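[1] I'd like to go over a predicted model; first the sequence, then the structure.
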Amino acid sequence: MRFLSGLKISLFLACLLPLARLLWLGFNDGLGANPIEFITRSTGTWTLSFLLITLAITPLRRLSGWQWPIRVRRMLGLFAFFYACLHFTTYVWLDQFFDPTSIYQDIFKRPFITIGFASFLLLIPLAATSTQAMMRRLGGRNWQRLHRLVYLVTIGGVVHYWWLVKKDVTQPAIYAAVLAVLLGYRLWRKRSGPAFLNGASTQSTSRPAQENQR
Amino acid sequence: MLIKRPSDILPSEITDREIYRSRRQFLQSVPAALAVATLPGLFSTPVFAAEKLPGARKSPFSTGEPATPYKEVTTYNNFYEFGTDKADPARAAKTLTTRPWTVTVEGEVKNPRTYAIEDLLRLAPLEERIYRLRCVEGWSMVIPWQGFSLSELIRRAEPTGNAKYVEFVSLHDPKQMPGQRSGVLDWPYVEGLRLDEAMHPLTLLAFGLYGEVLPQQNGAPLRLVVPWKYGFKSAKSIVKIRLVEKPPVSAWMRAAPSEYGFFSNVNPAVDHPRWSQAKERRIGEFLKRPTLPFNGYGDQVAQLYAGMDLKKFF
Ligand code: HEM
């Protein structure tokens, strides 16, 4: 227990480092010639990174046999949502300065914004149902089905990135490769045994989910 | 969040050390240069980035808008030869050797010639032109350049009747330009103008910035500045200027023909397929400002495109 709460607190603080860095750079003239672009990109990068880190938890737990990763998964997922909110706020406030027509046009005319926005919207129900109480209310099965949306959100995030770069797709390709490994691992597990389908996959949610099992 | 405080180390101090170092190398390798260096502006041709370029006349083409600070102009650059991140060129372009440097003017001309950069600098009196620069990505700057109209050079080459377009070729040397080891663009970087665009007095052949020799990351030792077109039309580190009959295919047209056209005039009414061009962020400003047709140079250049459908010829 002690180990877990210590771990959770340190991890929580570590997850705030990207924000702390932005604030520090902001107050020390370190955001470069185009600070708003810098903040948009940094928060976008961290949203995607946290999504991928969250998706890495299940494989990490299975491959290592450790139990603690599952205990911090919710926090990591919520940090992905936190950075997505910062990213979206940066766009609406600093970048567009609440200009409704230009935001509206962007969302409907720019495919990279459309898909980013859709991903962001899909993250909202996941964040909203992240509490134990909501998990219990939905039931493990439904909860799990709903939370599979995270795959779609992350794919959307990678496509969003791919479509926004001018020419050099090296960075989005790296994220795409990591995502492919994480999704490929799940497919491979699914293929390689029905045990995974029946028991193992539901184990990956925490206690209330198991209470709901037959 | 965006409160700015001066940092402890002034940017000017950092730059000074760079100049100091390059000067020292210069003096060590060429002892005779010592004498020359004591008589700046008289006999010597300024050679190194940030060395003064003396005596540029003011120009009526200059805008009165406040110039973007030197630090931003020299640290936020799109110059894919040194990497695709806008912070890359300032870090990586020190490997570019700009002396000796030659520029060949060839193709459909009566007087083809290869110029040493020193001779080219003396071809016509330098002017200071403070121009707006609008990047296709949606940001803009105001930059004081030193140079002269490209027409000065082309006129001397005497284009033949077949010359309809001008092609600009930038240096291709992956040893000096690490970004060329990647295949983001088809190297060398190529750009093109119609002959009347190239001969327009606004079209500048620039050697300096802020009264000093161009820093490498800004396209040293000489670059084009076409202020009514998106920034990528203004080719950097040029080694060849060819007069040709057919429209050249630029590096960006080759990379993404549906996104980058030959003309690439700044036009708020024609969006990039993936983002809007209606507004721009002037570097240093918070709110975006509306983008002007031809980047605000419509009075001077709009007649070049009379009768053309600018949506089609983007
Ligand atoms: C889950 C949702 C999202 C993810 C994972 C995400 C991720 C990213 C990433 C990785 C980048 C590129 C960072 C870089 O260049 O280093 C980015 C940039 C950007 N995103 Fe998002 N994003 C999301 C949602 C949104 C939304 C909802 C909007 C606006 C409505 C948005 C607007 C932008 C813009 C304007 C840029 C910068 C484009 C540029 O600088 O050229 N994103 N995002």
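    That came in fine, so what should we check first? A quick note: this is a predicted structure, and the numbers were derived from the prediction, not measured.

[2] residues touching the closest residue to B:Ile130 other than its chain neighbours, list them.
    Closest residue in space to B:Ile130, ignoring its immediate chain neighbours: B:Ser62 at 3.8 Å, by Cβ to Cβ, 6 or more residues apart in numbering or on different chains. All C-beta spots, glycine's among them, are computed from the backbone N, C-alpha and C. Contacts for B:Ser62 (Cβ atoms under 8 Å, 6 or more residues apart in numbering or on different chains) come out as B:Glu128, B:Arg129, B:Ile130, B:Tyr131, B:Pro144.

[3] Go again with 7 Å.
    The neighbours of B:Ser62, taking Cβ atoms under 7 Å, 6 or more residues apart in numbering or on different chains as the test, are B:Glu128, B:Arg129, B:Ile130.

[4] State the pLDDT value of it.
    The model reports B:Ser62 with a pLDDT of 96.

[5] With the ligand as the reference, measure out to it.
    Per Cβ to the nearest ligand atom, to the nearest Å, B:Ser62 is found 30 Å from the ligand.

[6] Next up, the contacts around A:Arg74.
    A:Ser130.

[7] Nearest residue to the middle of chain A?
    The centroid of chain A falls nearest to A:Leu51 when counting by Cα atoms, centre = their mean (2.5 Å).

[8] Check the gap between that one and B:Arg281 for me.
    Counting by Cβ to Cβ, to the nearest Å, the gap between A:Leu51 and B:Arg281 amounts to 28 Å.

[9] quick one: the helices in the stretch 201-314 of chain B?
    Listed in chain order, the helices of the stretch 201-314 of chain B (DSSP state H, counting those that start in this stretch) span B:251-255, B:298-301.

[10] Columns mean neighbour count, mean pLDDT and distance to B:Ala163 on top of those, output as CSV?
    CSV is the format used below for the helices of the stretch 201-314 of chain B (neighbours: other Cβ atoms under 10 Å in any protein chain shown; pLDDT from 0 to 100; distance: least, Cβ to Cβ, whole Å):
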stretch, mean neighbour count, mean pLDDT, distance to B:Ala163
helix B:251-255, 19, 94, 20
helix B:298-301, 15, 96, 20
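
[11] in stretch A:81-97, what's buried?
    For stretch A:81-97, burial by neighbour count (16 or more other Cβ atoms under 10 Å in any protein chain shown) applies to A:81-88, A:90-91, A:94-96.

[12] Which residues of chain A lie near chain B?
    Neighbours of chain B within chain A, by Cβ under 7 Å from any Cβ of the partner chain: A:26-29, A:32-36, A:97, A:105-106, A:110-112, A:163, A:166-168.

[13] Low-confidence regions, chain A specifically.
    Within chain A, the segments meeting pLDDT under 70 span A:1, A:193-214.

[14] B:Asn172 and B:Asp186 touch, don't they?
    You called it Asn, but residue B:172 is His. No - the pair B:His172 / B:Asp186 is not scored as a contact, 10.2 Å apart, by Cβ atoms under 7 Å.

[15] Near A:Thr43, how many residues? Count them for me, please.
    Neighbour count for A:Thr43, taken as other Cβ atoms under 10 Å in any protein chain shown: 23.

[16] Go through the helix or strand where it lies and flag the buried ones.
    Element membership of A:Thr43, judged by DSSP states H and E, is helix A:35-64. Judged by neighbour count using 16+ other Cβ under 10 Å, the buried positions of helix A:35-64 are A:35-58, A:60-62.

[17] now stretch A:90-98, how far from the centre of its chain.
    22 Å (Cα atoms, centre = their mean, to the nearest Å).

[18] I misspoke; the intended subject was stretch B:232-251.
    Offset of stretch B:232-251 from its chain centre (Cα atoms, centre = their mean): 12 Å.

[19] How about the contacts made by the residue nearest to the centre of chain A?
    Counting by Cβ under 7 Å, 6+ apart, A:Leu51 touches A:Ala80, A:Val150, A:Val153, A:Thr154, A:Gly157.

[20] Could you give the backbone dihedrals for the fourth one?
    Read that as A:Thr154. Dihedral pair for A:Thr154: phi -70, psi -40, per degrees, to the nearest 10.

[21] how close does the residue lying closest to it once chain neighbours are set aside get to A:Asp168?
    With sequence-adjacent residues excluded and distances taken as Cβ to Cβ, 6+ apart, A:Thr154 is closest to A:Leu51, at 4.5 Å. Using Cβ to Cβ, A:Leu51 is found at 22 Å from A:Asp168.

[22] A:Cys88 sits in which helix or strand?
    Check again: residue A:88 is Phe, not Cys. Going by DSSP H and E, A:Phe88 is part of helix A:68-89.

[23] got the angle for that helix vs helix A:35-64?
    Here helix A:68-89 runs at an angle of 160 degrees relative to helix A:35-64 (axes from the mean of the first three to the mean of the last three Cα atoms, to 10 degrees).

[24] Helices along chain A, start to end?
    In chain A, the helices defined using DSSP state H lie at A:2-15, A:17-27, A:35-64, A:68-89, A:100-109, A:111-128, A:132-138, A:140-147, A:149-164, A:170-191, A:194-195, A:201-203, A:207-211.

[25] Give me the contact status of the third one with the ligand.
    Yes - if you take Cβ under 6 Å from any ligand atom as the test, helix A:35-64 does meet the ligand, through A:Glu37, A:Thr40, A:Arg41, A:Gly44, A:Thr45, A:Thr47, A:Leu48.

[26] What is the end-to-end distance of stretch B:205-216?
    Using Cα to Cα, to the nearest Å, one end of stretch B:205-216 lies 15 Å from the other.

[27] Residues touching that stretch, excluding its own?
    Contacts of stretch B:205-216 with the rest of the structure, by Cβ under 7 Å, 6+ apart, involve B:46-53, B:56, B:70, B:73-74, B:93-94, B:96, B:98, B:121, B:143-148, B:150, B:153, B:218, B:220-225.

[28] Any of those residues buried? List them.
    For the contacts of stretch B:205-216, buried by 16+ other Cβ under 10 Å: B:46-51, B:53, B:56, B:70, B:73-74, B:93-94, B:96, B:98, B:121, B:143-148, B:150, B:153, B:218, B:220-225.

[29] Tell me who's in contact with B:Gln217.
    Per Cβ under 7 Å, 6+ apart, neighbours of B:Gln217: B:Thr74, B:Asn77, B:Phe79, B:Phe82, B:Pro89, B:Ala90, B:Ala93.

[30] Pull the most distant pair out of the residues you listed.
    Farthest-apart pair in the contacts of B:Gln217 is B:Thr74 and B:Phe82; separation 12.7 Å (Cβ to Cβ).

[31] now the nearest residue to B:Pro201 once chain neighbours are set aside, which residues is it bridged with?
    Among residues not flanking B:Pro201 along the chain, B:Ser149 sits closest, at 5.0 Å (Cβ to Cβ, 6+ apart). Beta-bridge partners of B:Ser149, counted by DSSP bridges, are B:Leu204.

[32] quick one: B:Ser149 and B:Leu204 touch, right?
    Yes - at 6.4 Å, B:Ser149 counts as touching B:Leu204 under the criterion of Cβ under 7 Å.

[33] higher neighbour count, those two?
    Neighbour count, other Cβ under 10 Å: between B:Ser149 and B:Leu204, B:Leu204 has more, with 25 against 21.

[34] so how many other residues sit close to the closest residue to A:Ser119 other than its chain neighbours?
    Nearest-residue entry for A:Ser119: A:Gly156, 3.5 Å, with adjacent residues in sequence omitted and distances by Cβ to Cβ, 6+ apart. Neighbour count of A:Gly156, defined by other Cβ under 10 Å: 23.

[35] So A:Gly156 is in contact with A:Ala118, correct?
    Yes - using Cβ under 7 Å, A:Gly156 is in contact with A:Ala118, at 6.0 Å.
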